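Asks: Here's a sequence, model it:
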Amino acid sequence: MQERMGAKEFFANIRVVDFTWIGAGTHIIEYLAHYGAQVIKIESNLRPDPVRHHGPFKDNKPGLENSYDYQFVNNNKLSIALNLRQLKAVEVVKRLVARADIVVDNWTAGTLDKLGLGYEELKKVKPDIIQVSSCMQGQTGPAAGHPGHGGTLTSLAGFNYITGWPDRAPSGNFGPYTDMVTPLFAATALLAALYYRRRTGKGQYFDLSQYECSLHFLAPVILDYAVNGREFMRRGNKSSRAAPHGVYRCLGDDRWCAIAVYTDEEWQSFCQVIGNPGWTTEPRFATLLGRIENGDELDKLVDEWTANHLPEEVMALMQAAGVAAGVVANGEDLWNDPQLKHYQAFSEYEDPTIGMCVGRRRAVDLSKMDWELHRAPKLGEHTEYVCKQILGMSEKEFAALESNGVFE
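Replies: Numbering: from 1, shown residues only. I've put the predicted structure just below:
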């Protein structure tokens, strides 16, 4: 087991106590773990990280250690099992925090406070501790206590309302979209807090509402209503600034290609690619405004051409002519994509339980810093190591806590 990453790692001397689970929290930790921080994930066999129950699974058999999804978002960590309903377990956490730099949680607002592990309590054992709490709607306010997950927050934040077709019900985004947004803000906040602590010797607490973070990506929708009293309505794949603009059926089973034409120059190039059929010279398509106003008819005509070509062919022809286009990729496409392979976007490693796993490379690969991808830990795999080697527990103390169910 590797206690730390390479000495050149950015966060090599940073220790993180990890109270995160599922999506948003684990992605925050991912930035730290992938750049060398020693991350200690706190779980319990009585209430494990729910993502352990997310598929896909080894041989399609669910199990705490069979989830590829869990592996994907929990690399490069240690794991300690603690039953936080026991006061002795809470004391173990405080001893760990006293030796840590950062605490991150994304549990329901007030949960750590109820356990005696809120920020004010943690400051008593480590005055310069830095903590990020990133729950659904923040730690205070009328909706702070509302539980939920990224899928429900995506709806609450307005993303579902603007996604879909104008004549149909709202359509949800794939996956917990807001879980992908919040970590970007958290990573920046943590870097600033570490720098501030280096200068002043003081820690920080961040109440990072996932709800609030997500609104940064909806500024046009909110501003249009605030200024003009106008609701942004669902419009499928259409754009107010381009036409054709959509996803078009191509040759093959469920194969598609996206095309976007923004300017008159791009329109002329597009027309040349498809062979300048007669309809391209019709007056209704002569201007961008005309193409937008007649978008439904235009989409049908584009579909007639793309349906006779492979999506890869459509993309290549359009891009060569300076027109934005992209294959609607499926899992197979992404896994075999030559550009992603060039950047080694995916790394393979072995897990003793489920075999070959796939992990992501770091979002930013720092050329002067070493990096390795290690498998995600088994639940409680490093309990003894953390207690004895990091906390300095004796064999007698460890055995007593173990016999009393502290490490469940």
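Asks: Spatially, what comes nearest to the residue minimising distance to the centre of the chain if we skip its sequence neighbours?
Replies: Centroid-nearest residue in the chain: M180, 3.1 Å away (criterion: CA atoms, centre = their mean). Once flanking residues are discounted, M180 sits nearest to H27: 6.8 Å by CB to CB, 6 or more residues apart in numbering. Glycine gets a C-beta too; all of them are placed from N, C-alpha and C.
Asks: Can you name the element that comes right after the strand or helix carrying that neighbour?
Replies: For H27, the element it lies in under DSSP states H and E is helix 24-34. Downstream of helix 24-34, the next assigned helix or strand under DSSP H and E is strand 38-43.
Asks: counting contacts, what elements does that next one pack onto?
Replies: strand 15-19, helix 24-34, strand 77-81 (3 or more CB pairs under 8 Å, 6 or more residues apart in numbering; DSSP states H and E).
Asks: most packed of those?
Replies: With neighbours defined as mean count of other CB atoms under 10 Å, these peak in mean count at helix 24-34, which reaches a mean of 25.
Asks: State the distance from the residue nearest to M180 to T178.
Replies: 11 Å (CB to CB, to the nearest Å).
Asks: For E313, give its distance to W305.
Replies: Remark: distance between E313 and W305 (CB to CB) = 11 Å.
Asks: The helices and strands packed on strand 38-43: which one's closest to L373?
Replies: Closest to L373 of these is helix 24-34 (CB to CB; 7.9 Å).
Asks: Now do that closest one against strand 38-43, angle only.
Replies: When axes from the mean of the first three to the mean of the last three CA atoms, to 10 degrees is applied, the directions of helix 24-34 and strand 38-43 differ by 150 degrees.
Asks: any residues touching helix 24-34, and which ones?
Replies: Residues outside helix 24-34 that contact it (CB atoms under 8 Å, 6 or more residues apart in numbering) are 11, 14, 16, 18-20, 39, 41, 49, 51, 73-77, 102, 104-106, 132, 134, 150, 176, 178-180, 182-183, 186-187, 190, 210, 362-363, 371, 373.
Asks: Next: stretch 181-191.
Replies: For stretch 181-191, the surrounding residues in contact (CB under 8 Å, 6+ apart) are 24, 27-28, 30-32, 102, 104, 130, 132, 134, 204, 206, 208, 210, 213-214, 216-217.
Asks: mind running it again at 6 Å?
Replies: Residues from elsewhere that reach stretch 181-191 (CB atoms under 6 Å, 6 or more residues apart in numbering): 24, 27-28, 31, 132, 134, 206, 208, 210, 213-214.
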